[in-house]
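Peer 1: Here is the input, now give the coordinates:
(chains A and B)
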Amino acid sequence: MLGNLSDEQLVEISVTENPEAFGEIVKRWERKIFALCFGMLSREEDARDAVQETFIAAFRNLANFRGDAKVSSWLHRIAVNQCLTKHRRKKTRAESYLEDESETNQQAFTAPLTESPSHNFEQNNKLLLVRKAVSSLPEDLKQVVVMKEFEELTFQQISEVLELPLSTVKSRLYTALKQLRMKLDNVVVEVI
Amino acid sequence: MFDSNNYHKECSFSEQIISYVYGEMSEAENASFTVHISKCSDCAEELAGFGFVRTEILNWKHKEFLPLTTPIIQIPYETVTVEAKTSIFAPVWELFSFSQMWLKTATAFAVLAMFAGITFSVFNTNKSVDLAGMVKPITSPTPPIIVDVPLTPIKPTVAIETEKATSPSIVKNKEAEKVKTVTTEPKVLKATVRTTRVKPARIETTQRVTKQNVTLVSNEENIEEDDTLRLSDLFDEVSTNKF
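Peer 2: As a prediction, the model looks like this:
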């Protein structure tokens, strides 16, 4: 029954009648929000925490949802804020990316044996470089890339979520791809 | 639209390239841009570069994100409550939202009148407090100090005191001028009364001293008058001649 209702209707029911109707919203958006958080934070644990915190924050502030924007946009905005907060905390705690690198190396050893070890190492190294390149982007550019590539949102949806003009979204994505290309090109040259 | 190779360098072409890369172009735009790419090496090169970046990102996504299971989100419905940020005046607005226009206006006037009354009363109480504060030093229990000054020696000092109060630069020893200052003393008295409420002692002394001065001056005048002839003196002279 709840599955047929729109997000906005579900929010209203959650506030007035049945708080557990919010569970339907969670079910609909958890994967996308997880993708966003994963792309923004580049770490599975951080992404899982951020998703959990996003939905709890959304539920807590459910009554303040004005209905000006879509529920999905509202959820995305909360998720982006959660990711930015986590990122800032991470910076202040001075957690180095060496931790990530060690995890990646561990994953390389646990990779299936069907592929040659040298191939696996190369692949994982490449992934690490891509991940580093994306996470080194400025936050405003990173958001757009992640929303486009991980969540597969349209330009229009991104502009709604971030409350930006369509042209700004496109120009940000253009700049982000250009920067990523430069970074990855340099890496490829170094590896060769 | 895309017929020149230099067009790409001179103009901002980012939006078209991005829309083409992600397949978010209208059919007409798509067709014309395809024609442009076949002629523009810069655009073609940039497009290839973006394609490479996208492939790498998608590869990362497929390898690391897609195998991950979606986290199980647990909302603690019992402990987490939905917090509504409502104004403290919300119940009042709600109450009046159903009432008629005249009632709203009347209530508004009543509220305004009430506020005006409160403000007025508060202002008045503040004023009375100030008055009480002003009265206090006058009713202070310290008695005025009355100094009994001997007549002759005090004369010059009194003159100096009064001159200090009026104009400290003018200090002269002539008798006539002292008399002048004595005559101007009521003005000085006024000034001291206004400014020094707390020091009634000084007022008393000045008052007392001025009286003495006045009497003193009159004595001097009497001395001068004594030089003139009097009837009693004549009688005295006659009596002495007789004897």
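Peer 1: Give me the nearest residue to A:I13, chain neighbours excluded.
Peer 2: Computed as C-beta to C-beta, 6 or more residues apart in numbering or on different chains, the closest residue to A:I13 that is not its neighbour in sequence is A:A21, at 4.2 Å. From N, CA and C alone the C-beta is placed, and that goes for glycine too.
Peer 1: Just list the residues touching that neighbour, thanks.
Peer 2: Contact analysis of A:A21 by C-beta atoms under 8 Å, 6 or more residues apart in numbering or on different chains lists A:L2, A:L10, A:I13, A:S14.
Peer 1: Over to A:A69?
Peer 2: Applying C-beta under 8 Å, 6+ apart, the residues near A:A69 are A:R77, A:E160, A:E163.
Peer 1: which outside residues touch the helix or strand harbouring the second one?
Peer 2: Which is A:E160. Using DSSP states H and E, A:E160 falls within helix A:155-162. Applying C-beta under 8 Å, 6+ apart, the contact partners of helix A:155-162 are A:69-70, A:72-73, A:76-77, A:80, A:143-144, A:147-148, A:153, A:164-166, A:168-170, A:173, B:19, B:22, B:24.
Peer 1: Looking at the helix or strand immediately after that helix in the chain now, give me its mean pLDDT.
Peer 2: Remark: after helix A:155-162, the chain's next helix or strand is helix A:166-191, criterion DSSP H and E. Helix A:166-191 carries an average pLDDT of 85.
Peer 1: And helix A:166-191, what does it pack against?
Peer 2: The contact analysis (3 or more C-beta pairs under 8 Å, 6 or more residues apart in numbering or on different chains; DSSP states H and E) places helix A:166-191 against helix A:117-135, helix A:139-149, helix A:155-162, helix B:14-21, helix B:41-60.
Peer 1: pLDDT weak spots in chain A?
Peer 2: A:94-115, A:187-192 (pLDDT under 70).
Peer 1: again, but for chain B
Peer 2: Residue ranges of chain B with pLDDT under 70: B:1-12, B:80-100, B:126-230, B:239-243.
Peer 1: Around chain A, which positions in it sit nearby?
Peer 2: Those residues of chain B that sit near chain A, judged by C-beta under 8 Å from any C-beta of the partner chain, are B:12, B:14-15, B:17-19, B:21-22, B:24, B:49-50, B:52-54, B:56-61, B:63-65, B:68, B:70-71, B:73-77, B:80-85.
Peer 1: Now stretch A:22-42: buried residues?
Peer 2: For stretch A:22-42, a neighbour-count test (16 or more other C-beta atoms under 10 Å in any protein chain shown) marks A:22-26, A:28-30, A:32-42 as buried.
Peer 1: tell me, how many neighbours does A:N4 end up with?
Peer 2: Using other C-beta atoms under 10 Å in any protein chain shown, the number of residues around A:N4 comes to 7.
Peer 1: And for A:K132?
Peer 2: 16.
Peer 1: Give me the residue at the spatial middle of chain A.
Peer 2: The C-alpha lying nearest the average C-alpha coordinate of chain A belongs to A:L36 (C-alpha atoms, centre = their mean; 1.9 Å).
Peer 1: Just want the angle from the helix or strand where it lies to helix B:41-60.
Peer 2: Here A:L36, judged by DSSP H and E, is contained in helix A:22-41. Interaxial angle, helix A:22-41 versus helix B:41-60 (axes from the mean of the first three to the mean of the last three C-alpha atoms, to 10 degrees): 120 degrees.
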